[in-house]
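Novice: Predicted model follows, preceded by the sequence.
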Amino acid sequence: QVQLVESGGGLVQTGGSLRLSCVVSGRSFSNLAMGWFRQAPGKEREFVVAINRNSINTRYVDSVGGRFTISRDNAKNTVILQMNSLKPEDTAVYYCAAGGSLWGPFDYWGQGTQVTVSS
């Protein structure tokens with residue numbers, strides 16, 4: 001069974017930075033594409049960013065381009081989301097996800113970590 005555990009969320013002021021981590025167990029991490037999604041209060045879950053198995057390809061939602069960076073360390077079974085220049089509209093629960101390709105489907109999900117950006 002694949003398990004994903006996120007960490008690193010918290011409260012930050014506008015313009016600040018946070019670094020989210022997701023550790024994966026239960027399956028060969030290097031065979032998984034990884035992604036981050038988020039869900040704001042009263043809104044549907046949305047795609048944020050994804051990275052393929054060997055880190056060659058990534059894709060981002062337009063609203064975070066240039067501010068968020070995804071990376072992965074296959075030796076540590078970890079995917080990182082570095083978030084800079086945070087805005088209040090980035091406030092959401094952020095979920096780590098794993099799947100077969102950069103474009104999904106994402107079959108495995110973490111429990112989520114709260115990110116709150118104060119204005």
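Specialist: Yep, it's here.
Novice: For the residue nearest to the spatial centre of the chain, what are phi and psi?
Specialist: When C-alpha atoms, centre = their mean is applied to the chain, the residue found nearest the centroid is Trp36 (2.7 Å). The phi/psi pair for Trp36 (degrees, to the nearest 10) reads phi -120, psi 140.
Novice: Next up, the contacts around it.
Specialist: Contacts for Trp36 (C-beta atoms under 8 Å, 6 or more residues apart in numbering) come out as Leu20, Cys22, Val48, Val49, Ala50, Ile70, Val79, Leu81, Tyr94, Tyr95, Cys96, Ala97. To be clear about C-beta, it is placed using only N, CA and C from the backbone, and glycine gets the same treatment.
Novice: wait, the third one sits on Tyr94?
Specialist: It stands for Val48. Yes - look at Val48 against Tyr94 with C-beta atoms under 8 Å: they come within range, at 7.3 Å.
Novice: before we move on, back to that, can you tell me how far the residue nearest to the centre of the chain is from Ser119?
Specialist: Noted for Trp36: a distance of 23 Å to Ser119, by C-beta to C-beta, to the nearest Å.
Novice: Please apply the same query to Val48.
Specialist: Distance from Val48 to Ser119, counting by C-beta to C-beta: 20 Å.
Novice: The two: which has the busier surroundings?
Specialist: Neighbours around Val48 and Ser119, counted as other C-beta atoms under 10 Å, are more numerous at Val48. The numbers are 23 against 8.
Novice: What strand or helix carries that one?
Specialist: In this structure, Val48 is located in strand 46-51 according to DSSP states H and E.
Novice: Quick one: mean pLDDT for that strand?
Specialist: The predicted model gives strand 46-51 an average pLDDT of 98.
Novice: Just checking: what are the partner strands of it?
Specialist: If you go by DSSP bridges, strand 46-51 pairs up with strand 33-39 (antiparallel), strand 58-60 (antiparallel).
Novice: By neighbour count, which bits of the shortest one are buried? Give me those.
Specialist: The one in question is strand 58-60. Applying a neighbour-count criterion of 16 or more other C-beta atoms under 10 Å, one finds Thr58, Tyr60 buried in strand 58-60.
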